[in-house]
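Undergrad: The amino acid sequence is not available; the structure is as follows:
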């Protein structure tokens, strides 16, 4: 084979290699371009989804709060016999709004979360004040204990001067106790705990659900249990 033929073959081989290198580079650039386009589209879709989610939260939360405020403003129109149920329903609506806010905290800003939480707390306070105004707390009777003089004593002795008689306070009337429960599912109605101090003690593996608004909650020695309750008028004391 002549040297000229060898030179021609080497030239063709080199040309093919160059074409192959150029082709690979063009493919690589095209893949990078398509990758950039897909990445930008993904970021745009994500931003659009977050915006839509935030808008949905704002609209739903504001509507819920507006409905609760409207109901509270119209409390005067509620029949006296239905006032307790009215405030129970109102407290349930507020608890639902609080749960919606908590569940949405993963995608709203900390500023919006703090601001909306303040709205919830203010409305909770307004509901408690209105409840106290329309549902006065029960008055507890004092029991007077005074020994009566017998006929014989009246003859033998002059009647003693009246003195202050001892009084006793019926504490049990203002308490609702649940103690020593094990692996039970318990549901307590609003009428049982309304304006009362609820005592939960010595619970193990229980599920307790309380409707209504108790005056206070005292929870002691409770293990592996779930306790669900609406807002309390005064305080919640927990000692595990």
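TA: Thanks, I have it. What you are looking at is a predicted structure, and each value in this text was computed from that prediction instead of being measured.
Undergrad: CA only for contacts and neighbour counts going forward, please
TA: Noted.
Undergrad: Quick check, pLDDT for residue 89.
TA: Looking at residue 89, its pLDDT reads 92.
Undergrad: What helices and strands are in contact with the host helix or strand of it?
TA: Using DSSP states H and E, residue 89 falls within helix 83-103. The contact analysis (3 or more CA pairs under 8 Å, 6 or more residues apart in numbering; DSSP states H and E) places helix 83-103 against helix 3-73, helix 110-134.
Undergrad: Tell me which of those is the most buried.
TA: Counting by mean count of other CA atoms under 10 Å, helix 110-134 has the highest mean neighbour count of the helices and strands packed on helix 83-103, with a mean of 14.
Undergrad: what angle do it and helix 83-103 make?
TA: Interaxial angle, helix 110-134 versus helix 83-103 (axes from the mean of the first three to the mean of the last three CA atoms, to 10 degrees): 170 degrees.
Undergrad: Tell me how far the helix holding residue 89 lies from the chain's centre.
TA: From the chain centre to the centre of helix 83-103 is a distance of 9 Å (CA atoms, centre = their mean, to the nearest Å).
Undergrad: For it, buried residues please.
TA: Buried residues in helix 83-103, counted by 16 or more other CA atoms under 10 Å: 83-84, 86-88, 90-95, 97-98, 101.
Undergrad: lowest-pLDDT helix or strand in the chain?
TA: Across the helices and strands of the chain, mean pLDDT, DSSP states H and E gives its lowest value to strand 167-169, namely a mean of 37.
Undergrad: After that strand, which helix or strand is next?
TA: Next along the chain after strand 167-169, taking DSSP H and E as the criterion, comes strand 175-182.
Undergrad: Just checking: what are the partner strands of that next one?
TA: Applying DSSP bridges, strand 175-182 is found paired with strand 197-204 (parallel).
Undergrad: that older thread, tabulate the helices and strands packed on helix 83-103 in TSV, adding columns for distance to residue 236 and mean pLDDT.
TA: TSV is the format used below for these (distance: least, CA to CA, whole Å; pLDDT from 0 to 100):
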stretch	distance to residue 236	mean pLDDT
helix 3-73	24	74
helix 110-134	15	91
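Undergrad: picking that back up, pick the one among the buried residues of helix 83-103 closest to residue 131.
TA: residue 87 (6.7 Å; CA to CA).
Undergrad: Quick check: closest non-adjacent residue to that closest one.
TA: What sits nearest to residue 87 in space, not counting adjacent residues and going by CA to CA, 6 or more residues apart in numbering, is residue 131, at 6.7 Å.
Undergrad: Mark out where each domain of the protein begins and ends.
TA: Split into domains by automatic domain parsing, the chain comes to 3-134, 174-240.
Undergrad: I appreciate the help and will end here.
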